[in-house]
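>>> Next comes the sequence, and after it the predicted model I'd like to discuss.
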Protein chains: 2
Amino acid sequence: MSEPALRERRRRQTEREIGDVALELFERQGVDATTVDEIARAAGVSSRTFFRYFATKEAAALVPHVDLDERVERMLAELGPGRPLLDQLEDVWREVLTAFDDGRSEAGRLLLRVRRLMLTEPGLRQAAVALDAERVDELVARVARAMQLDDDLPARIAVEAAAVAVRVTLDRWADARDEGRRVDLLATYADACRYLRELGGPG
Amino acid sequence: MSEPALRERRRRQTEREIGDVALELFERQGVDATTVDEIARAAGVSSRTFFRYFATKEAAALVPHVDLDERVERMLAELGPGRPLLDQLEDVWREVLTAFDDGRSEAGRLLLRVRRLMLTEPGLRQAAVALDAERVDELVARVARAMQLDDDLPARIAVEAAAVAVRVTLDRWADARDEGRRVDLLATYADACRYLRELGGPG
DNA sequence: CGCCATCGTGGCAGTGAGTGCCAACACGGC
DNA sequence: GCCGTGTTGGCACTCACTGCCACGATGGCG
């Protein structure tokens, strides 16, 4: 320990600042037309420092997305072997999505901005997909460890399936709001989960 | 018409050549340690020409993967509304995977090399994931058009789910063969599909 | 308060991916 | 033979990203 909270707080603050500025600039002029130097300057740091906070240009705009994932990860602390894995994952996601729905929270508003940007920015979407894949891998490893599975195939399928439901839901959400339509995030998520479970039956 | 077959044939040949060389070099020295200039030179073209064939360095090594996808796409010509979508997708994939299994074909051997490389090369995996996402989007659009769906949510879920099963299967395959173990590609795929359909029940 | 270890930051130089532009050349039709 | 089209290579350029080093701020400690 002896980790001075000041440093940590400043670090988080700088990270937020860079992330906010990046998102703003990406929205205004597009990802390709925005240089790292521009973002860094607007955030009051050097471009060299930018890369100490984010590995890539796109990663800076994904801070709200990381927040979402971390929230889920924290809530998944109590993963029990009692109930089906998919049920537990969906419960957590349902709760988290509730908190992020529409303008209910600042985090939700930020997430919506990112997801809308992703609709027109392939590079950003790719970065988000890569991030998602990492999270899935981590989660699978964690589940396999916690449940002491000798074969992680079913766990991987379940986690990936849950991720698909969430991704599809968020895309719908962003797409609808992009056209001015209003959708119920949770209702859409419920639909996605239902279709997922109905795969065994009809099509 | 009037498309001189010679040009086309040459183009394909050059593409193969670059792809082969790229895969070879990536295997030998790693993706990061290999420059585009190196690949281009080894393939007998300029680096400027390289980028007329492939948008990124990683894309060059994914030629075998594109072959796989194109094969699937061709076989999906006869998509009918009669049977559940997932069933039809799985049928096609089962057939294609059979053709690519182990050393049964040159295409299969190449695919295995790529998938093994992906295990240790994050950049390559990311590129493959991005490619996969594009294919999924195309396929969803095609299905929605063919079946005249007003809501593509169930179709998207089905296509994404099918993609998950394949991806997981290929990863297992590469991972096992990487450790010298031998796995039955089709049996693994059958397992994955089964777990997918059992999501509604247990976990 | 002042000394010292540690860490974050900026500047700088360098690599290499990816792009626009133009001239040279090969093809295929006439 | 000539000409329109498509392909290639070279050049110059931008910019993402990295290693290195010196400087300044922070926080512990006497």
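Okay, I see it.
>>> And the nearest residue to A:Ser105 once chain neighbours are set aside, how far from A:Gly19?
Using CB to CB, 6 or more residues apart in numbering or on different chains and skipping the chain neighbours, the partner closest in space to A:Ser105 is A:Ala99 (6.1 Å). For the C-beta atoms, the positions are set from N, CA and C on the backbone; glycine is no exception. Going from A:Ala99 to A:Gly19 by CB to CB, to the nearest Å gives 19 Å.
>>> and the residue nearest to A:Ser105, what element?
helix A:85-100 (DSSP states H and E).
>>> Residues touching that helix, excluding its own?
With CB atoms under 8 Å, 6 or more residues apart in numbering or on different chains as the test, helix A:85-100 has contacts from A:68, A:71-72, A:75-76, A:79-80, A:105, A:107-108, A:111, A:143, A:154-155, A:158-159, A:161-162, A:165-166, A:169, A:185-186, A:189, A:193, B:199, B:203.
>>> and what of stretch A:112-122?
For stretch A:112-122, the surrounding residues in contact (CB under 8 Å, 6+ apart) are A:23, A:26-27, A:30-31, A:61-62, A:64-65, A:102, A:124-125, A:128, A:170-171, A:173-175, A:177-178.
>>> related to what we said a few turns ago, buried only: go through the contacts of helix A:85-100 for me.
A:68, A:71-72, A:76, A:79, A:108, A:111, A:143, A:154-155, A:158-159, A:161-162, A:165-166, A:169, A:185, A:189, A:193, B:199, B:203 (16 or more other CB atoms under 10 Å in any protein chain shown).
>>> Filtering these by proximity to DNA strand D, which remain?
Among the buried ones among the contacts of helix A:85-100, no residue sits close to DNA strand D (CB under 7 Å from any atom of the strand).
>>> just checking, which of the contacts of stretch A:112-122 belong to helices?
By the criterion of DSSP state H, membership of the contacts of stretch A:112-122 in helices covers A:23, A:26-27, A:64-65, A:124-125, A:128, A:170-171, A:173-175, A:177-178.
>>> What about DNA strand D: which of those touch it?
Of the ones in helices among the contacts of stretch A:112-122, not one also sits near DNA strand D (CB under 7 Å from any atom of the strand).
>>> Which single one of those residues is nearest to chain B?
Taking CB to the nearest CB as the measure, A:Arg125 is the one of the ones in helices among the contacts of stretch A:112-122 closest to chain B, at 7.6 Å.
>>> Other residues contacting the lowest-mean-pLDDT helix or strand in chain A?
When the helices and strands of chain A are scored by mean pLDDT, DSSP states H and E, helix A:5-29 comes last with a mean of 93. If you take CB under 8 Å, 6+ apart as the criterion, helix A:5-29 is touched by A:34, A:38-40, A:42-45, A:49-50, A:53-54, A:57, A:60-64, A:110, A:113-114, A:117, A:121, A:124.
>>> what does chain A put close to chain B?
A:83-87, A:125-126, A:129-130, A:133, A:153-154, A:156-158, A:160-161, A:164-165, A:167-168, A:172, A:188, A:191-192, A:195-203 (CB under 8 Å from any CB of the partner chain).
>>> Now the buried members of the residues you listed.
Among the residues of chain A next to chain B, those classed as buried by 16+ other CB under 10 Å are A:85-87, A:125-126, A:129-130, A:133, A:153-154, A:156-158, A:160-161, A:164-165, A:167-168, A:172, A:188, A:191-192, A:195-200, A:203.
>>> coming back round to it: may I see the PyMOL selection of the buried members of the contacts of stretch A:112-122?
Selection of buried members from those for PyMOL, criterion 16+ other CB under 10 Å:
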select buried, chain A and resi 23+26+27+31+61+62+64+65+124+125+128+170+171+173+174+177
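>>> I'd like to know how far A:Pro81 sits from DNA strand C.
From A:Pro81 across to DNA strand C, the span is 39 Å (CB to the nearest atom of the strand, to the nearest Å).
>>> Can you tell me the closest non-neighbouring residue to that residue?
Here the residue nearest A:Pro81, using CB to CB, 6+ apart, is A:Met147, at 5.5 Å.
>>> which SSE is the residue nearest to A:Ala192 when sequence neighbours are not counted in?
Of all residues not flanking A:Ala192 in the chain, A:Ala165 sits nearest, at 4.2 Å (CB to CB, 6+ apart). Using DSSP H and E, A:Ala165 sits in helix A:153-178.
>>> who does that helix touch, helix- and strand-wise?
Applying 3 or more CB pairs under 8 Å, 6 or more residues apart in numbering or on different chains; DSSP states H and E, one finds that helix A:153-178 makes contact with helix A:85-100, helix A:106-120, helix A:122-146, helix A:185-197, helix B:153-178, helix B:185-197.
>>> now that helix, how far from the chain's geometric center?
Computed by CA atoms, centre = their mean, to the nearest Å, the chain-centroid distance of helix A:153-178 equals 11 Å.
>>> Rounded mean pLDDT for that helix, please.
If you average the pLDDT over helix A:153-178, you get 97.
>>> In chain A, what residue comes closest to DNA strand C?
Going by CB to the nearest atom of the strand, DNA strand C is nearest to A:Thr49 of chain A, at 2.9 Å.
>>> what residues are up against the residue nearest the centre of chain A?
Chain A has A:His65 as the residue nearest its centroid, 3.2 Å off, counting by CA atoms, centre = their mean. Neighbour list for A:His65: A:111, A:114, A:128, A:131 [criterion: CB under 8 Å, 6+ apart].
>>> How much space separates it from A:Arg52?
Applying CB to CB, the value for A:His65 to A:Arg52 is 20 Å.
>>> What of A:Arg109?
From A:Arg109 to A:Arg52 the distance is 27 Å (CB to CB).
>>> A:Lys199 against B:Glu198, yeah?
Check again: residue A:199 is Leu, not Lys. No - counting by CB atoms under 8 Å, A:Leu199 does not reach B:Glu198; the two are 9.7 Å apart.
>>> Assign A:Asp151 to helix, strand or coil.
coil (DSSP: H, G, I helix; E, B strand; the rest coil).
>>> For it, the count of nearby residues, please.
By other CB atoms under 10 Å in any protein chain shown, 10 other residues sit near A:Asp151.
>>> do the same with A:Arg145
The tally of other residues near A:Arg145 (other CB under 10 Å) stands at 10.
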